[in-house]
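Undergrad: I'd like to go over a predicted model; first the sequence, then the structure.
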Amino acid sequence: MEVGSFHALVGVLDKAGLTAELAEEVRHNPAMAQRMVAALRVPEEGHSYRGGKKATHTAAAQYGSHGGDEYHVFVDYQMPRDKETLEVEFSKGGVSELFYGNYVWQLHSSCADIEQTPSDLEFLVKHFNRSITSDEAINEMDKLGYRPATHLDAYAFAKAQPELQRKFWIVALGSSTLRRGDRHVAVLAGDSDERLLYGRWLGLKWGATYRFLFVRKASS
């Protein structure tokens, strides 16, 4: 990627809440930068980082003023841990080692008491439409009766709704794993060519374009 193009891309992402940490990750990951450029170039779903058409957020608009849509998905809390199987389900080269390496995933405190038994769950894809921290997102949705989805929830959701992550990045804050001293969470991403299973730093201030995956809490 040309230097000028990179700085233009970062300029757009900065307005959406890009942090210095994520900027560094993009700088040293050319493949990720190219995917982000491709996504930003799609005129009917977003704006070009070179000054093209402004984003219309048509997907968010169709969800209504609450900024989310609900899906019923069966979750069996099983997930393969080998790279080959995951790359068949997602895309070759599109799965982070966090999901097939020797990483231990830990539930967020808001999910500590959930029963990870096979069941039908009600998911909400939430669009806050503003920059937000992980804790802010979790606390806001807790008041509405939702908990954050775990990485296993997100995996089941991706299998049931494989096309949704091509439209926007979806973050699951309900579990995390330690990498290089920082905790990372699962992110579903992609475009027209591929579907990706990534990890992102839990401490990010997420930009306004991100969606978040939540699960309606069981009635007590």
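TA: Great, that's in hand.

Undergrad: contacts, neighbours, all on C-alpha from now
TA: Will do.

Undergrad: quick one: the helices in the chain?
TA: Per DSSP state H, the chain carries helices over the ranges 3-15, 20-27, 30-40, 58-63, 83-89, 134-142, 151-160.

Undergrad: mean pLDDT lowest for which of those helices?
TA: Set side by side, these differ in mean pLDDT, and helix 58-63 is lowest with a mean of 36.

Undergrad: so, low pLDDT: which residues of this protein?
TA: 1-67, 220 (pLDDT under 70).

Undergrad: tell me where it has strands.
TA: 68-75, 105-107, 119-126, 132-133, 146-148, 170-179, 182-190, 195-201, 205-206, 211-216 (DSSP state E).

Undergrad: burial of residue 219, as a residue count?
TA: 5 (other Cα atoms under 10 Å).

Undergrad: what of residue 125?
TA: 22.

Undergrad: residue 154 now?
TA: Neighbours of residue 154 (other Cα under 10 Å): 26.

Undergrad: do residue 178 as well
TA: Using other Cα under 10 Å, residue 178 has 16 neighbouring residues.

Undergrad: I figured it was touching residue 184, is that so?
TA: Yes: in this structure, residue 178 is within contact of residue 184 by Cα atoms under 8 Å, at 6.3 Å.

Undergrad: quick check: the gap between residue 180 and residue 79.
TA: Computed as Cα to Cα, to the nearest Å, the residue 180 to residue 79 distance reads 23 Å.

Undergrad: more neighbours: which of the two?
TA: Neighbour count, other Cα under 10 Å: between residue 180 and residue 79, residue 79 has more, with 15 against 6.
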